[in-house]
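> A structural model of the following input is requested.
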Amino acid sequence: MNTNDYLKDLVSYKSDYKLTTADKKAIQFEGIQKYIYNKLNSNKFKATKTSEDYDKTVKEKIDYCVNQDTPIHIDLSTGATKNPNAPTAPGIDWAEVFNIAFIR
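Numbering: from 1, shown residues only. As a prediction, this is how the structure comes out:
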């Protein structure tokens, strides 16, 4: 397998996420929308605090997609999820490749 094939597989194919007991309890008591928002808003996935407008937009997108039973599509390549001090900001670099692979 060459490097391109490996990276393509890394971001394209991943097993389904299995909910833990803690995940199930959080969904039961907080609701699926808040659970999804908290997962996306984890410090693991962002470099800085997000703005209120950004948070509002993400929450609205989550609510809409959950209520319409459609997949949630969020662009993580630029904006509040990218460290603004990175030399490649606001462009895409290896950090985004591995970020996508990790959260898929």
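
> When you work out contacts or count neighbours from here on, use the C-alpha atoms and nothing else.
Noted.

> Ramachandran coordinates for the most centrally placed residue in the chain?
With distances taken as CA atoms, centre = their mean, the chain has L40 as the residue nearest its mean C-alpha position (4.7 Å). For L40, the backbone dihedrals (degrees, to the nearest 10) come out as phi -70, psi -30.

> any idea how far it lies from P84?
Distance from L40 to P84, counting by CA to CA, to the nearest Å: 19 Å.

> How about I27?
Relative to P84, I27 is positioned 33 Å away (CA to CA).

> And D55, by the same measure?
In terms of CA to CA, D55 sits 18 Å off from P84.

> Next, the buried residues of stretch 57-67.
58-59, 61-63 (16 or more other CA atoms under 10 Å).

> what is the mean pLDDT for it?
Across stretch 57-67, pLDDT averages out at 93.

> For it, output the C-alpha coordinates as PDB.
Below are the C-alpha coordinates for stretch 57-67, written out as PDB (Å, rounded to 0.1, in the frame of the first residue of the first chain):
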ATOM      1  CA  THR A  57     -24.700  28.300  14.100                       C
ATOM      2  CA  VAL A  58     -23.400  24.800  15.100                       C
ATOM      3  CA  LYS A  59     -26.300  24.200  17.500                       C
ATOM      4  CA  GLU A  60     -28.800  25.300  14.800                       C
ATOM      5  CA  LYS A  61     -27.200  23.000  12.300                       C
ATOM      6  CA  ILE A  62     -27.300  20.100  14.800                       C
ATOM      7  CA  ASP A  63     -31.000  20.800  15.700                       C
ATOM      8  CA  TYR A  64     -32.000  21.000  12.000                       C
ATOM      9  CA  CYS A  65     -30.200  17.800  11.000                       C
ATOM     10  CA  VAL A  66     -31.500  15.800  14.000                       C
ATOM     11  CA  ASN A  67     -35.100  17.000  13.400                       C
END
